[in-house]
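# got a sequence here, can you model it:
(one chain, ligands or ions: 1)
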Amino acid sequence: MRIQANYSLKQYNTFKIDIKAKYFVEIEKQSDIVVLRSDLQLSSLPWIIIGGASNLLFNTDLEKVVVTCRFKKIKIVKEDDDNVWISVGAGLGWHELVEYSIENNLWGLENLAYIPGTVGAAPVQNIGAYGAEARDVITRVQTLNLFTGEREVFRNSDCQFDYRSSIFKTDYKNKLLVHRVTFHLKKGHAGKANLYYSQLKEALTKYKKQELTPKIIFDTVIELRKKKLPDVKKYGNAGSFFKNPIISADYFKKFANKFSDAPYHKTINGEYKIPAAWLIESTGWKGKRFNKNTGVSQLHALVLVNYGDATGKEINQLANQIQEDVDHKFGIHLEREVICI
Ligand SMILES: Cc1cc2nc3c(=O)[nH]c(=O)nc-3n(C[C@H](O)[C@H](O)[C@H](O)COP(=O)(O)OP(=O)(O)OC[C@H]3O[C@@H](n4cnc5c(N)ncnc54)[C@H](O)[C@@H]3O)c2cc1C
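Residues are numbered from 1 along each chain as shown. Sure thing, here's the model as predicted:
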């Protein structure tokens with residue numbers, strides 16, 4: 001276990017916001033939590049969990065204990081002719097896990113390539129991209145109670161997975177630390193490509209004469225993502241800042257009358273999902289600077305960017321302004337996907 005006081009999190013968050021944590025703690029084993037809790041100073045402060053802080057926006061210095069998990073091992077827990085179950089430490093980088101699956105010619109994670117962050121956050125966020133979600137392949141989530149250090153195991157059906165959400169983000173937020181996640185993957189000959197997402201299917205037409213492999217999908221997803229998203233190493237950002245709003249059928253009628261060119265997707269509940277990127281682009285924000293340090297990416301209207309030494313407050317002001325403009329023009333409220341702390 002490592003404990004550091006007044007620790008700068010600038011290198012630990014993809015927005016590259018320069019704030020300090022009162023204490024930054026890296027957990028390496030279950031007993032670390034009990035040891036930490038026996039310290040009165042640490043125990044009297046609020047605790048929060050971070051992984052790669054790629055979905056967080058820090059506003060001010062944190063008078064808190066910031067906890068992160070350093071378990072990184074991959075273990076094969078079960079295997080048969082067609083399937084493999086692997087248990088993975090929460091501290092491993094998500095993309096490293098996807099690379100491991102591709103090196104071993106396993107199906108299941110290829111559509112989720114190149115998403116920043118850690119394995120531990122994948123069930124918390126129920127990460128998703130290109131027609132796949134983490135919940136499709138997660139069988140078990142093992143957690144440690146941040147107050148007692150006790151272990152608990154959740155089956156997939158216990159996790160309350162939802163759009164970019166789960167029980168770990170709601171009821172157990174900052175209470176349970178995910179420390180291992182088990183994934184069920186298919187061996188090369190036993191699985192097949194998930195081509196649900198039309199843009200991915202189109203991009204794969206050049207392989208028409210070839211049998212698709214996890215590696216082909218992986219490479220294609222990375223190619224698509226690189227075209228659409230600013231490089232997080234160059235420009236601080238946290239991916240999609242807002243969720244796609246869902247509106248009622250009644251409101252959709254009025255909306256579609258006025259904005260007949262708006263793209264939409266009808267949900268199974270009879271409501272309508274409108275792409276937030278389209279709403280933001282239509283208010284003229286795509287590629288626009290807000291001030292010297294912040295703006296909206298030219299590549300993707302959903303991505304807010306730190307172009308220099310932006311503070312969390314500046315990014316927040318930009319987000320508020322976009323929410324206000326979208327609300328004013330369309331009467332639709334954009335909800336944030338990024339968690340502001
Ligand atoms: C360029 C870019 C592209 C992105 N693209 C996508 C995308 O395509 N799809 C997508 O779904 N997301 C995307 N994201 C968002 C982000 O990568 C994911 O939400 C990711 O899962 C966050 O992982 P993290 O480790 O950085 O978590 P953090 O941002 O550190 O934390 C996110 C939440 O998870 C909690 N948490 C983290 N680790 C644990 C743990 N071990 N135990 C309990 N709680 C924990 C935190 O408390 C917090 O509530 C993108 C982000 C960026 C910067």
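
# all strands of the stretch 51-200 of the chain, in order?
56-57, 62-69, 74-79, 83-89, 106-107, 128-129, 132-133, 138-145, 151-155, 176-187 (DSSP state E, counting those that start in this stretch).

# the stretch 101-250 of the chain against the ligand: which residues are in contact?
Within the stretch 101-250 of the chain, the positions near the ligand by CB under 6 Å from any ligand atom are 115-118, 120-122, 124-125, 127-129, 164, 168-169, 177-178, 229, 232, 237-239. Bear in mind the C-beta positions are built from the backbone N, C-alpha and C, glycine included.

# count the neighbours of Phe24 for me.
22 (other CB atoms under 10 Å).

# same check, this time on the one 4 residues further on
Counted with other CB under 10 Å, the neighbours of Glu28 add up to 13.

# name the nearest residue to it, sequence neighbours excluded.
Arg70 (4.9 Å; CB to CB, 6 or more residues apart in numbering).

# what sits against that neighbour?
26-28, 89, 91 (CB atoms under 8 Å, 6 or more residues apart in numbering).

# how about the stretch 151-300 of the chain: which residue is closest to the ligand?
Gly239 (2.6 Å; CB to the nearest ligand atom).

# picking up where we left off before, write a PyMOL command that selects only the buried members of the contacts of Arg70.
Command for PyMOL that selects the buried part of the contacts of Arg70, burial taken from 16 or more other CB atoms under 10 Å:
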select buried, resi 27+89+91
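
# from the contacts of Arg70, which two are the most distant?
Using CB to CB, those reach their maximum pairwise distance at Glu26 and Gly89, which is 12.6 Å.

# where do the contact lists of those two overlap?
By CB under 8 Å, 6+ apart, the residues touching both Glu26 and Gly89 are 69-70.

# how many other residues sit next to Ser87?
For Ser87, using other CB under 10 Å, the count is 17.

# my read is that it contacts Thr182, right?
Yes - with contact defined as CB atoms under 8 Å, Ser87 and Thr182 form a contacting pair (4.7 Å).

# overlap in contacts of the two?
Going by CB under 8 Å, 6+ apart, residues that sit against Ser87 and also against Thr182 are 77, 140, 142.

# neighbours of the spatially closest residue to the second one that is not a sequence neighbour, how many?
Nearest in space to Arg140, with sequence neighbours left out and distances taken as CB to CB, 6+ apart, is Thr182 at 4.0 Å. By the other CB under 10 Å criterion, the neighbourhood of Thr182 contains 20 residues.

# with Arg2 instead?
Arg2: 12 neighbours (other CB under 10 Å).

# tell me who's in contact with Arg37.
Contacts of Arg37 by CB under 8 Å, 6+ apart are 43, 147-149.

# neighbour-wise, which one of those residues leads?
Neighbour counts for these (other CB under 10 Å) peak at Gly149, which has 18 neighbours.

# what's the closest non-adjacent residue to that one?
In space, Gly149 is closest to Ile33, 3.8 Å off (CB to CB, 6+ apart).

# check Arg336 too.
Once flanking residues are discounted, Arg336 sits nearest to Phe242: 5.9 Å by CB to CB, 6+ apart.

# tell me the one among the shared contacts of Ser87 and Thr182 nearest to Gly188.
Val77 (19.4 Å).

# Asn83 is in contact with the closest one, correct?
No - counting by CB under 8 Å, Val77 does not reach Asn83; the two are 11.2 Å apart.

# next, the buried residues of the longest helix seen in the chain.
Using DSSP state H to define each element, the chain has its longest helix at helix 312-330. In terms of neighbour count (16+ other CB under 10 Å), helix 312-330 has its buried residues at 312, 314-316, 318-319, 322-323, 325-326, 330.

# re earlier: which residues touch the residue nearest to Gly149?
Per CB under 8 Å, 6+ apart, neighbours of Ile33: 27, 144-146, 148-149, 177.
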